[in-house]
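Trainee: need the 3D shape of this:
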Amino acid sequence: MIVRRAALAGIAATALARPAIGQSGLRALGELARRAAIYAIPIQELYRRRWRETVDLANPQPLQLNRLEHAAAPSAAAPDALLSSAWVELTGEPMFLTLPDMGARSYSFAVVDMFGDTIDHVSRRHYGGRPPPHVLFGPSWANPPPWGVRAIHATSNFVQLAGRIVVDGPPDLGASRAVQARVLFETPATRNERRVREARELMPSGTVAPDEPVASWPEPRDGDPWDLFVVAARVLGESPVPARDAEEVEAFAALKLRPGRRFDLLGFSPGERGAMLEGIAAARAEIGEATARSIRRIGAWRYPSPHPGDFGDDRLQRAIVATNDPLMPATAEAMTLVAQTDDGGAPLHGSRRYVLRFSPDGPPPTRAAWSLSVQGVTLGGARRDSGDPVDIPPGQADNLTIALHIVEPTGPLLDGAWRPPSVVPVD
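Mentor: Below you'll find the predicted structure:
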């Protein structure tokens, strides 16, 4: 007890001995905290998601690292697709992604790093119906990929692999599942053994599989505003800091936010902590205001925030997308328009009948297909050229949501020149 009291007295004496910074210094500290928060919020969102999906004991079906899990049916969030998901650790060895011949089917497998950037897509937009095999490397991996295999060089040692295989309505579900089952996500040893079996050669002997990675991250403290910096320091220590972020992250050292080090809140006076909390609050308010500005509305339809995939130095837009959904598809791959009111602004109600009438611009401009869902259930299958009116009968939930899902949208839709259909009650 005497030793502990002496230690506490020493800490207090150190705090008292440190000269207090003036108002200009507090403003500078708050501004730095604002910048750090905008940078760190996407990291926190990805960390929370990773923890929930791999560690959280309340999750009935946690994901194992480096295992690609497939959804057996479309969901309300993606009624036009079968989703696949994996959290991938690349510290020890790379992982191989091999897709079958996809024919005319639309698909997209996105690799998202822990900063919220989509590093690459394996998709129809890039490769047509016959995508080549890919290998995912960690940021420190220097070896070239095998012949005939394309490399995806990750910017963090942990990434999310998010796959979408488009389903052309309920009759296509069985065929979609069959394609999904042929997607392979393999370690180098597993891939080599499979290729040997396929060639009907003798199996190699003495191969020792590496230990499977285990998810063991601490639980995020969602009610603690300082957990933003705790998590950011932890995640930044998992991988080399990207070169483009090095100068910015180095500046965060003044906030005791250092990659791989414990965030040191005790190193600040109450006044300094207050200034930093104001900076964090200002960042969240700025993101909220920018989110509201970025959501475009045309008629009854709300468009998603722009998602370029790789945000580059646009850290604010990265934070906007991350707070909405860090795994939202890049706009060039897919986008969803949502209507919850009719053209007159009245809320959609399930007791009424509505009709969607396309303008002279026709159906959504796309290289692939589009579909319509009501309350998260696809109405019919994938549509391509039809611009006929769409009838939405009554009998749905009181508060109705209609969504247009567009795969590979093209210029007129992306730049706002295309006019979406009117939503009109007919009784």
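
Trainee: which strand residues bridge Ser422?
Mentor: Ser422 forms beta bridges with Arg357, as assigned by DSSP bridges.

Trainee: wait, is Val355 part of a strand?
Mentor: Yes: counting by DSSP: H, G, I helix; E, B strand; the rest coil, one finds Val355 located in a strand.

Trainee: ok, now how distant is it from Phe96?
Mentor: 49 Å (CB to CB, to the nearest Å). C-betas here are computed from N, CA, C, even on glycine.

Trainee: neighbour count winner among these two?
Mentor: Phe96 (20 against 14; other CB atoms under 10 Å).

Trainee: what pLDDT does the model give Pro225?
Mentor: Per-residue pLDDT puts Pro225 at 97.

Trainee: just the one 10 residues further on next, same as before
Mentor: With respect to pLDDT, Val235 has a value of 97.

Trainee: in contact with Ala332, which residues?
Mentor: 125, 308-309, 408-409, 414 (CB atoms under 8 Å, 6 or more residues apart in numbering).

Trainee: now with 6 Å?
Mentor: Ala332 makes contact with no residue under the criterion CB atoms under 6 Å, 6 or more residues apart in numbering.

Trainee: for stretch 262-269, which outside residues touch it?
Mentor: Taking CB under 6 Å, 6+ apart as the rule, stretch 262-269 contacts 226, 229-230, 233, 256-257.

Trainee: Gly174: what secondary structure?
Mentor: Relying on three-state DSSP, one would call Gly174 helix.

Trainee: now the one 5 residues further on
Mentor: For Val179, the reduced secondary structure class is helix; criterion used: three-state DSSP.

Trainee: how much space between the residue nearest the centre of the chain and Glu45?
Mentor: For the chain, Leu327 is the residue whose C-alpha lies nearest the centre (CA atoms, centre = their mean; 1.9 Å). Leu327 sits at a distance of 10 Å from Glu45 (criterion: CB to CB).

Trainee: swap in Ala300?
Mentor: As judged by CB to CB, Ala300 and Glu45 stand 29 Å apart.

Trainee: between the two, which one's more packed in?
Mentor: When Ala300 and Glu45 are compared for neighbours, Ala300 comes out ahead with 24 against 21, by other CB under 10 Å.

Trainee: check whether the more buried one really touches Thr341, as I assumed.
Mentor: Yes: when contacts are counted by CB atoms under 6 Å, Ala300 is listed as touching Thr341 (5.3 Å).

Trainee: how many other residues sit next to the closest residue to Ala233 other than its chain neighbours?
Mentor: For Ala233, ignoring the flanking residues on the chain, the nearest one in space by CB to CB, 6 or more residues apart in numbering is Phe263 at 4.9 Å. Phe263 is flanked by 19 other residues according to other CB under 10 Å.

Trainee: before we move on, the earlier item: which residue packs closest to the residue nearest to the centre of the chain, ignoring adjacent ones?
Mentor: Using CB to CB, 6+ apart and skipping residues adjacent in sequence, the residue nearest Leu327 is Ala162, 4.9 Å away.

Trainee: neighbours of that neighbour, how many?
Mentor: By other CB under 10 Å, 20 other residues sit near Ala162.

Trainee: same deal with Gly362?
Mentor: By other CB under 10 Å, the residues close to Gly362 number 14.

Trainee: alpha carbons only: can I get stretch 278-297 in CSV?
Mentor: What follows is stretch 278-297, C-alpha atoms only, in CSV (Å, rounded to 0.1, in the frame of the first residue of the first chain):
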residue,chain,number,x,y,z
GLU,A,278,-14.3,18.4,-28.4
GLY,A,279,-12.2,17.5,-31.4
ILE,A,280,-13.6,14.0,-31.6
ALA,A,281,-17.1,15.4,-31.3
ALA,A,282,-16.4,17.9,-34.0
ALA,A,283,-15.2,15.1,-36.3
ARG,A,284,-18.4,13.1,-35.8
ALA,A,285,-20.5,16.2,-36.4
GLU,A,286,-18.6,16.9,-39.5
ILE,A,287,-19.1,13.4,-40.8
GLY,A,288,-22.8,13.6,-40.1
GLU,A,289,-23.2,16.9,-41.9
ALA,A,290,-21.1,15.7,-44.8
THR,A,291,-23.2,12.5,-45.0
ALA,A,292,-26.4,14.4,-45.2
ARG,A,293,-24.9,16.6,-48.0
SER,A,294,-23.6,13.6,-50.0
ILE,A,295,-26.9,11.7,-50.2
ARG,A,296,-28.5,12.8,-53.4
ARG,A,297,-32.3,12.6,-54.0
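
Trainee: what's next to it, contact-wise?
Mentor: Residues contacting stretch 278-297 (CB under 6 Å, 6+ apart): 30, 33-34, 37-38, 225, 302-303, 305, 316, 319-320, 323.

Trainee: which ones are touching Leu161?
Mentor: Here Leu161 is in contact with 86, 88, 111 (CB under 6 Å, 6+ apart).

Trainee: partners of the strand or helix carrying it, with directions?
Mentor: Using DSSP states H and E, Leu161 maps to strand 158-166. With DSSP bridges as the test, strand 158-166 is paired with strand 81-89 (antiparallel), strand 107-113 (antiparallel).

Trainee: pLDDT of that strand, averaged?
Mentor: 96.

Trainee: quick check: end-to-end length of stretch 240-247?
Mentor: Taking CA to CA, to the nearest Å as the measure, stretch 240-247 stretches 13 Å from start to finish.

Trainee: buried set for it?
Mentor: Across stretch 240-247, burial judged by 16 or more other CB atoms under 10 Å covers 241-242, 245.

Trainee: then stretch 244-257?
Mentor: 245, 249, 252, 255-257.

Trainee: quick one: contacts of it?
Mentor: 36, 229, 233, 241, 263-264, 267.

Trainee: okay, now the unreliable bits of the stretch 251-400 of the chain?
Mentor: 381-386 (pLDDT under 70).

Trainee: all strands of it, in order?
Mentor: Ranges of strands in the stretch 251-400 of the chain, per DSSP state E, counting those that start in this stretch, are 297-298, 301-302, 334-339, 354-357, 370-374, 377-378, 390-392.

Trainee: so which of the ones you listed is nearest Ser176?
Mentor: Closest to Ser176 of those, according to CB to CB: strand 377-378, at 12.2 Å.

Trainee: that closest one pairs with which strands?
Mentor: strand 370-374 (antiparallel).

Trainee: how far off centre is the strand it pairs with?
Mentor: 22 Å (CA atoms, centre = their mean, to the nearest Å).
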